[in-house]
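1. The following block contains a protein sequence and its predicted model.
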Amino acid sequence: MAYIIFVNPSILRDAGMPFNGVLQATCIAAAIGSILMGAFARYPIALAPGMGLNAYFTYSVVKGMHVPWETALGAVFLSGALMLILTLVGIRKMIVSAIPRELYSAVAVGIGFFIAFIGLRNGGIIVSNPATTVALGNLRQPTVLLCLLGLLLMAALMAWGIRGAIVLGILATSVLGFVTGQITWAPAAFAPSDLSTTAFHLDIAGAAKLGMLEILFVFLFVDIFDNVGTLVGVAKKAGLMKEDGDIPRMNRILAADATATMAGAALGTSTVVSYIESASGVVAGGRSGVTAIVAGILFLIATVAAPLFGAIPAFATAPALILVGSMMVSHVSEIRWDDMTVGVPAFLTMLAIPFTFSIANGLAIGFSAYTLLKVARGQFREVGWLMYLLTALFALRFWYLGGA
């Protein structure tokens with residue numbers, strides 16, 4: 001999970017947020033979430049700011065909708081508060097059971113493509129082109145070559161099963177960039193006050209305005225399914241799930257991630273989620289909350305290395321984004337492609353997220369297509385009332401907001 005220490009500040013920096021402040025917020029939020037999960041829910045699931053949602057925060061909300069990052073943080077905080085309320089009253093479990101699993105898988109795949117696209121762009125592998133929208137970048141450019149080399153190195157290390165492959169690849173690529181003169185590093189003294197540049201800067205009042213409802217919904221919705229998917233996967237691998245599919249202490253788990261999201265927003269980072277990488281801890285033998293607590297402690301230790309991480313260039317972190325995206329695409333096998341009422345909405349979801357540069361659009365198009373196709377096929381009874389409600393809300397969104 002340590003790659004998030006490098007990657008999350010790099011993405012949120014594009015939103016205008018201070019790199020060192022976000023880095024410390026990332027580490028402390030991950031520590032709070034992981035320790036809380038381990039001590040309160042007693043599960044070997046570690047948490048940190050989530051990939052995908054940080055991209056939505058930066059590129060869709062702040063840059064795309066021109067929302068100040070302080071207001072976006074307020075929206076993250078409110079989404080965490082709503083998650084906590086929905087968990088306490090039992091509605092969150094009801095929402096989860098209403099949404100077809102194939103569409104959840106499609107969202108994960110779409111986010112994977114979205115993250116990979118951002119990585120390809122940040123690394124200069126693809127560039128904008130007025131005639132074709134995108135085109136291949138200049139592969140002879142030194143930083144692009146270093147990015148490709150880093151990608152190859154990370155993938156090779158992962159293929160050999162080397163632990164920490166992504167982090168090692170980021171560090172090795174950065175060192176090569178330094179040796180070849182592509183980056184310069186002027187060490188700065190560690191300043192605990194860096195956290196003050198992001199902590200408690202959130203604008204909750206601004207986020208509570210009517211126009212922010214869509215943003216709140218996306219933060220809330222994606223986080224709900226991201227965490228549940230991780231929970232099911234890790235619980236199965238750890239043998240903690242009951243035969244009937246019930247997961248003990250589920251509300252405690254959901255409450256822990258909601259609380260961590262609120263803490264993260266207050267400190268200055270995007271939504272905190274459960275990490276599927278927690279499965280590696282289970283494979284290594286972790287079966288209790290101690291595993292998550294240890295991960296949390298290590299994140300706290302990482303806060304003292306902020307000056308070093310600040311020297312990590314975009315061409316070194318871009319390969320990590322591409323590889324993380326490739327791992328998320330594995331969910332494509334969970335979709336029933338032979339059923340057109342499922343396959344077409346899933347396909348549209350996966351395409352719309354990266355091509356419209358918006359997770360919100362992907363959710364709206366895919367979910368609406370699912371409901372409409374089920375009705376057209378005469379299978380309207382297979383669609384729950386909540387899906388009909390969501391489809392109606394999406395229709396209103398497109399009517400009033402158009403393609404925004």
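-> Arrived safely, thanks for sending. Residues are numbered from 1 along each chain as shown.
2. ok, the residue nearest to L300 when sequence neighbours are not counted - contacts?
-> Once flanking residues are discounted, L300 sits nearest to A31: 4.5 Å by C-beta to C-beta, 6 or more residues apart in numbering. To be clear about C-beta, it is placed using only N, CA and C from the backbone, and glycine gets the same treatment. Counting by C-beta atoms under 8 Å, 6 or more residues apart in numbering, A31 touches G296, I297, F299, L300.
3. mind putting these in CSV, secondary structure and distance to S10 included?
-> Below are the contacts of A31 laid out as CSV (DSSP: H, G, I helix; E, B strand; the rest coil; distance: C-beta to C-beta, whole Å):
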residue, secondary structure, distance to S10
G296, helix, 22
I297, helix, 24
F299, helix, 17
L300, helix, 21
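4. And the next helix or strand past the strand or helix carrying the residue nearest to L300?
-> A31 belongs to helix 19-36 when assigned by DSSP states H and E. Helices and strands here follow DSSP H and E; after helix 19-36, the next one along the chain is strand 47-49.
5. Which strands and helices lie in contact with the helix or strand just after that next one?
-> Downstream of strand 47-49, the next assigned helix or strand under DSSP H and E is helix 53-55. Packing contacts for helix 53-55, counted by 3 or more C-beta pairs under 8 Å, 6 or more residues apart in numbering; DSSP states H and E, involve helix 3-13, helix 101-122, helix 213-238.
6. Minimum distance to F57: which of those has it?
-> Among the helices and strands packed on helix 53-55, helix 3-13 comes nearest to F57, with 6.9 Å by C-beta to C-beta.
7. Kindly export the closest one (C-alpha atoms) in PDB.
-> Coordinates of each C-alpha in helix 3-13 appear next as PDB, following Å, rounded to 0.1, in the frame of the first residue of the first chain:
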ATOM      1  CA  TYR A   3       2.700   3.600  -3.100                       C
ATOM      2  CA  ILE A   4      -0.300   5.700  -2.100                       C
ATOM      3  CA  ILE A   5       2.200   7.900  -0.100                       C
ATOM      4  CA  PHE A   6       3.700   8.900  -3.400                       C
ATOM      5  CA  VAL A   7       0.800   8.900  -5.700                       C
ATOM      6  CA  ASN A   8      -2.000  10.500  -3.700                       C
ATOM      7  CA  PRO A   9      -0.200  13.800  -3.100                       C
ATOM      8  CA  SER A  10       0.900  13.800  -6.800                       C
ATOM      9  CA  ILE A  11      -2.800  13.600  -7.900                       C
ATOM     10  CA  LEU A  12      -4.100  16.100  -5.300                       C
ATOM     11  CA  ARG A  13      -1.300  18.500  -6.100                       C
END
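8. Please enumerate residues in contact with it?
-> 17, 19-20, 22-23, 26-27, 30, 48-49, 51, 54-55, 57-58, 69, 118, 122, 166-167, 170, 269-270, 299, 302, 309, 312, 314, 316-317, 320-321, 324.
9. got the angle between it and helix 19-36?
-> Angle of helix 3-13 versus helix 19-36, following axes from the mean of the first three to the mean of the last three C-alpha atoms, to 10 degrees, is 130 degrees.
10. Can you give the domain ranges for the chain?
-> 3-332, 336-404 (automatic domain parsing).
11. Ranking by neighbours, what's the top pick from the contacts of A31?
-> Most neighbours among those, by other C-beta atoms under 10 Å: F299, with 26 neighbours.
12. For L372, which of the helices and strands packed on helix 53-55 is the nearest?
-> With C-beta to C-beta, the closest approach to L372 among those belongs to helix 101-122: 13.3 Å.
13. immediately after the closest one, which helix or strand?
-> Moving toward the C-terminus from helix 101-122, the next helix or strand (DSSP H and E) is strand 126-129.
14. Now do whichever helix or strand comes after that next one: distance to the chain's middle.
-> Counting by DSSP H and E, the element after strand 126-129 in chain order, helix or strand, is strand 133-136. Centre-to-centre, strand 133-136 and its host chain are 25 Å apart (C-alpha atoms, centre = their mean, to the nearest Å).
15. Show me what strand 133-136 is in contact with.
-> Strand 133-136 is contacted from outside by I125, I126, V127, S128, N129, using C-beta under 8 Å, 6+ apart.
16. what do you get for stretch 367-378?
-> Applying C-beta under 8 Å, 6+ apart, the contact partners of stretch 367-378 are 100, 103, 340-342, 344-345, 348-349, 380, 382-383, 387-388, 390-391, 394-395.
17. Return the distance of stretch 205-224 from the chain's centre.
-> Distance of stretch 205-224 from the chain centroid (C-alpha atoms, centre = their mean) equals 16 Å.
18. buried stuff in it?
-> Neighbour counts over stretch 205-224 (16 or more other C-beta atoms under 10 Å) mark 206-207, 212, 214-224 as buried.
19. Out of those residues, which comes closest to G281?
-> Lowest distance from G281 to the buried residues of stretch 205-224 (C-beta to C-beta) belongs to D223, with 21.3 Å.
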